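Enquirer: Following is a predicted model, sequence given first.
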Amino acid sequence: MSNLVQRIITALVAIPLVFFLLWFSDYSRVGLMCFLAGVGAWEWAGMTRKMYQGPDMRVFSFVASLALTLAWALSKGGFFGIANPVPCVVGMTSLVILAGYIAVAYSKVEIEKLFPWLVMHISAPLYVGLWGGMNVLMMGNGKGLEHCYGFILVMTSMWICDTVAYFFGKFVAGKGPFGRHLFAPSISPKKTWEGSVAGTAATIAWVAYWTNCSAALSAFNVNMDWVKGIVLGLLIAIAGQAGDLLMSALKRWSNTKDSGNLFVGHGGVLDRCDSFLLAAPMLWLLLDFMKNFA
């Protein structure tokens, strides 16, 4: 079976499943975020293990990232029938995770490798768990996709940005009036500035339309206009592409082709969700800023 066929079959299965879990209930959508965050941290730990000798931290990273994402859900309140936010749960969970990594590092890692080992492994739950947590904060409880419009906005925006950037850079850049200038040749040799600009423009158009021609973000109590929509789209696109490059750098650093194989033909969570990792926190922080200060 060719790789293209595998990719198509995986997409036909995964996309409806994701939308069903987002639609069904707060249990299913928070569970999805916890699972993806855990698997992403597992993959991160696996790549770090290639570069630094020490104990296998994949299981610990999975549990830590899952727990941190769940802690964000509990800190918001309203999920799982818990009306009020659980106080200090994110901070306490982070302290326990940090203490666990430090204890393992002190007892199992040679002093010459201790600090780079510790920094790279701690980064897994902090970075991926932050992504999972910010996605949870954009969700609500109850059945229906209207409870997770923020996540859907990020997801569709990154799909559009990646798709337009890929096709424009591959088939248009270098032809006619368009040049071909490499974006980050030492990290991702195939990315071009032309593709990046095209993807950013498409994302801005989509986000501006979404935020001004629907009630998708009404739950955030933000008064949107076209200027805010354009700014929101621009910053989401920049954050998404930065997240994409960060994961590409991590894979190149660890000499890894795919971070995992959860999505057959597509790779792992960090391969498919790389651009979400910064775009989702960016959207949440911008919406919170607009709500409180705009």
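Expert: Thanks, I have it. Just so it is clear, the model here is predicted, and its values are computed rather than measured.
Enquirer: gap between G129 and L283?
Expert: Noted for G129: a distance of 17 Å to L283, by Cβ to Cβ, to the nearest Å. In this view, the C-beta of every residue, glycine as well, is placed from N, C-alpha and C.
Enquirer: in the helix or strand containing A64, what's buried?
Expert: Here A64, judged by DSSP states H and E, is contained in helix 58-76. The neighbour-count check on helix 58-76 (16 or more other Cβ atoms under 10 Å) flags 58, 60-76 as buried.
Enquirer: Equivalent analysis for stretch 105-124, please.
Expert: 105, 109, 114, 117-118, 120-124.
Enquirer: Low-confidence regions, the stretch 1-150 of the chain specifically.
Expert: 1-4 (pLDDT under 70).
Enquirer: Neighbours of T211, how many?
Expert: 22 (other Cβ atoms under 10 Å).
Enquirer: Would you agree it is in contact with I230?
Expert: No. Checked against Cβ atoms under 8 Å, the pair T211 and I230 is beyond contact range at 9.5 Å.
Enquirer: and P189, which of the three is it?
Expert: strand (DSSP: H, G, I helix; E, B strand; the rest coil).
Enquirer: contacting residues for it?
Expert: L182 (Cβ atoms under 8 Å, 6 or more residues apart in numbering).
Enquirer: who's more crowded, G129 and L283?
Expert: Between G129 and L283, counting by other Cβ under 10 Å, G129 is the more crowded of the two (30 against 27).
Enquirer: Next, the more buried one: secondary structure please.
Expert: Secondary structure for G129, judged by three-state DSSP, is helix.
Enquirer: Could you shift the numbering so residue one becomes 758, and keep it that way?
Expert: Yep, numbering from 758; the last one is G886 now.
Enquirer: So it is in contact with L827, correct?
Expert: No. The criterion here is Cβ under 8 Å, and G886 misses it with L827 at 9.4 Å.
Enquirer: Report the two of the buried residues of stretch 862-881 separated the most.
Expert: Largest separation among these by Cβ to Cβ: L871 and A881, giving 16.7 Å.
Enquirer: Could you report the distance from W950 to A922?
Expert: When Cβ to Cβ is the yardstick, W950 and A922 sit 10 Å from each other.
Enquirer: From the contact counts, what lies against the strand or helix carrying E869?
Expert: Using DSSP H and E, E869 falls within helix 868-894. Helix 868-894 sits against helix 783-808, helix 815-833, helix 846-865, helix 906-924, helix 1033-1050, with contacts defined as 3 or more Cβ pairs under 8 Å, 6 or more residues apart in numbering; DSSP states H and E.
Enquirer: residues in contact with the fourth one?
Expert: Contact with helix 906-924 is made by 779, 892, 895-896, 902, 948, 952-953, 955-960, 963-964, 967-968, 973-974, 976-977, 990, 993-994, 997-998, 1001, 1032-1033, 1036-1037, 1040-1041, 1044, as judged by Cβ under 8 Å, 6+ apart.
Enquirer: Go through that helix and flag the buried ones.
Expert: In helix 906-924, counting by 16+ other Cβ under 10 Å, buried: 906-912, 914-915, 917-919, 921-922.
Enquirer: How far off centre is stretch 954-962?
Expert: 19 Å (Cα atoms, centre = their mean, to the nearest Å).
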